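# Please find the sequence and the predicted model below.
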2 protein chains.
Amino acid sequence: MGQKLLGSLKNGIVFVLSAPAGTGKTTLVRMLTEEFPSVVESISYTTRKMRPNEIEGRDYHFIGRSEFEKRVRQGDFLEHAEVFGELYGTSKSAVEFQQQAGKHVVLVIDTQGAMQLMGRMDGVFIFLSPPDIQELKRRLSKRKSESPDKIEERLSWAKKEMETSDRYDYQIINDDLETAYAILRAVLIAEEHRTRQRKKLI
Amino acid sequence: MGQKLLGSLKNGIVFVLSAPAGTGKTTLVRMLTEEFPSVVESISYTTRKMRPNEIEGRDYHFIGRSEFEKRVRQGDFLEHAEVFGELYGTSKSAVEFQQQAGKHVVLVIDTQGAMQLMGRMDGVFIFLSPPDIQELKRRLSKRKSESPDKIEERLSWAKKEMETSDRYDYQIINDDLETAYAILRAVLIAEEHRTRQRKKLI
């Protein structure tokens, strides 16, 4: 017997997390996977260039456009979307493999990708917001990897993304990292104990 | 701005908690109200006798049967039920008053009362189970207030109650108090951040 906070289901749950760039999603998801061995992050495929601090297979699987398009045709992706001219996609078989191993899989995907999955896939949808647009601008400006033009482009995209937040199951504002993490963690723990999940997955 | 773990909604949520006697519900709810000023327990009305360790207005409002029946006729109760020959009821106006003050209200009620509310009231339904029937028997036997006959009666009632657990939104097994509390706490925090609650209540 014995009930754990997380990790007692035979099949894991998919958690879809969307957030504008600069909202802290990478940090938050890393905190989750470090605290809970039963939580894994799905590594997306992308055609965009690797940034200096990124690692193949940890941050993304970096592939060429023709390879990406081949995988789209083969139906390998659960969802895929084009953001700022680059393609991003989630491998269907990789997610299912983890779920069947009892892992909860966190998909960090943009709002276009998330909306492709809503209603079509049984997942829990979480939207993470910056406290406000000014704060988001400040955070993005601290990144050395992007030009002021790129930052403006990302900001207006962020505003558009935030308009979709009401379509998600949960909304968390990353105002303070510790609080946002406590809420995100609570959402995962609560969802594991929902009757709906337990009946379907035990 | 600022997002809190709990207590940022204009109107509170009703959490309905059912559990067989001896499951630890009283302790768990006290832990919640002690940690979070925004969580209050609804004090039920009952016709049953006060136990030696109980306090009027903290554990229950103890009233006579004719007074109880008058309140039923006046429509004062959100739900009421008869358990082992005694009446128990939840005051509608007291719950609404707390909700409007932004408090989350925990109703600790039996499965009959909870099922009266399901579908009729917008609440979050949580079922708390003992790890198993043997453990429940052991816990009940430690109470000095009840005879062996009463204990057997409570056990068979507990089995019946546990059959309704799948109708609740969440299921928590109180195997270990700290774990059960962490899950219960997570359910409250997660529910406060559900889009459905935020749209309705902010």
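Good, I have the coordinates. Numbers count the residues shown, from 1 in each chain, chains lettered A, B, ... in the order given.
# center of chain A - which residue?
Central residue of chain A (C-alpha atoms, centre = their mean): A:V108, 1.3 Å from the mean position.
# so that one sits right up against A:G24, yeah?
No: using C-beta atoms under 8 Å, A:V108 is not in contact with A:G24; the gap is 11.4 Å. Where you see a C-beta, it was placed from the backbone N, CA and C, and this is true even at glycine.
# Who are the packing partners of the least confident helix or strand in chain A by mean pLDDT?
When the helices and strands of chain A are scored by mean pLDDT, DSSP states H and E, helix A:195-201 comes last with a mean of 73. Applying 3 or more C-beta pairs under 8 Å, 6 or more residues apart in numbering or on different chains; DSSP states H and E, we find helix A:195-201 packed against strand B:170-173.
# Let me know the pLDDT of the nearest residue to A:E54 once chain neighbours are set aside.
Computed as C-beta to C-beta, 6 or more residues apart in numbering or on different chains, the closest residue to A:E54 that is not its neighbour in sequence is A:Y60, at 7.0 Å. Listed pLDDT for A:Y60 reads 93.
# Ok, A:I202 next?
The score at A:I202 is 47. That number is its pLDDT.
# Tell me if I'm right that A:F125 and A:R167 touch.
Yes: here A:F125 reaches A:R167: they are 7.4 Å apart, a contact under C-beta under 8 Å.
# if I look at the two, which residues touch both of them?
Residues touching both A:F125 and A:R167 (C-beta atoms under 8 Å, 6 or more residues apart in numbering or on different chains) are A:M118.
# Now the residue lying closest to A:R30 once chain neighbours are set aside, what are its backbone angles?
Nearest non-adjacent residue to A:R30, counting by C-beta to C-beta, 6+ apart: A:E41, 8.0 Å away. Here is the backbone geometry of A:E41 (degrees, to the nearest 10): phi -100, psi 140.
# which non-adjacent residue is nearest A:I151?
A:L140 (4.9 Å).
# Checking the one you found next. Helix, strand or coil?
Under DSSP: H, G, I helix; E, B strand; the rest coil, A:L140 falls in the helix class.
# what do you get for A:V40?
Per three-state DSSP, A:V40 ends up strand.
# Number of residues surrounding the nearest residue to it once chain neighbours are set aside?
Closest residue in space to A:V40, ignoring its immediate chain neighbours: A:K103 at 4.8 Å, by C-beta to C-beta, 6+ apart. Number of residues near A:K103 (other C-beta atoms under 10 Å in any protein chain shown) recorded here: 22.
# Next, the contact list for A:K103, please.
Each residue near A:K103 by C-beta under 8 Å, 6+ apart is listed here: A:G12, A:S38, A:V39, A:V40.
# now those in TSV, with neighbour count and pLDDT?
Listed next are these as TSV, based on neighbours: other C-beta atoms under 10 Å in any protein chain shown; pLDDT from 0 to 100:
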residue	neighbour count	pLDDT
A:G12	24	95
A:S38	19	95
A:V39	23	97
A:V40	20	97
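# Going along the chain, name the helices of chain A.
Along chain A, counting by DSSP state H, helices occupy A:25-35, A:65-73, A:92-100, A:111-117, A:133-142, A:148-162, A:177-192, A:195-201.
# Output these in JSON lines; the columns should cover mean neighbour count and distance to B:Q99.
Compiled in JSON lines, these are given as follows (neighbours: other C-beta atoms under 10 Å in any protein chain shown; distance: least, C-beta to C-beta, whole Å):
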{"stretch": "helix A:25-35", "mean neighbour count": "16", "distance to B:Q99": "31"}
{"stretch": "helix A:65-73", "mean neighbour count": "13", "distance to B:Q99": "49"}
{"stretch": "helix A:92-100", "mean neighbour count": "16", "distance to B:Q99": "38"}
{"stretch": "helix A:111-117", "mean neighbour count": "20", "distance to B:Q99": "32"}
{"stretch": "helix A:133-142", "mean neighbour count": "15", "distance to B:Q99": "32"}
{"stretch": "helix A:148-162", "mean neighbour count": "15", "distance to B:Q99": "29"}
{"stretch": "helix A:177-192", "mean neighbour count": "21", "distance to B:Q99": "20"}
{"stretch": "helix A:195-201", "mean neighbour count": "15", "distance to B:Q99": "24"}
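# Switch those helices over to a markdown table; also include distance to B:T33.
Formatted as a markdown table, these follow (distance: least, C-beta to C-beta, whole Å):
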| stretch | distance to B:T33 |
| --- | --- |
| helix A:25-35 | 27 |
| helix A:65-73 | 53 |
| helix A:92-100 | 37 |
| helix A:111-117 | 36 |
| helix A:133-142 | 34 |
| helix A:148-162 | 35 |
| helix A:177-192 | 18 |
| helix A:195-201 | 25 |
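# between these, which gets the lowest average pLDDT?
Taking the mean pLDDT of the helices of chain A, helix A:195-201 comes last: a mean of 73.
# what sits up against that one?
By C-beta under 8 Å, 6+ apart, helix A:195-201 touches A:9-13, A:122, A:191, B:127, B:165-171.
# Among these, name the buried ones.
For these, a burial check counting by 16 or more other C-beta atoms under 10 Å in any protein chain shown picks out A:L9, A:N11, A:G12, A:I13, A:E191, B:F127, B:S165, B:Y168, B:D169, B:Y170, B:Q171.
# Could you list the residues of chain A in contact with chain B?
A:1-5, A:127, A:131-132, A:165-173, A:175-176, A:179-180, A:182-183, A:185-187, A:189-191, A:193-196, A:198-199 (C-beta under 8 Å from any C-beta of the partner chain).
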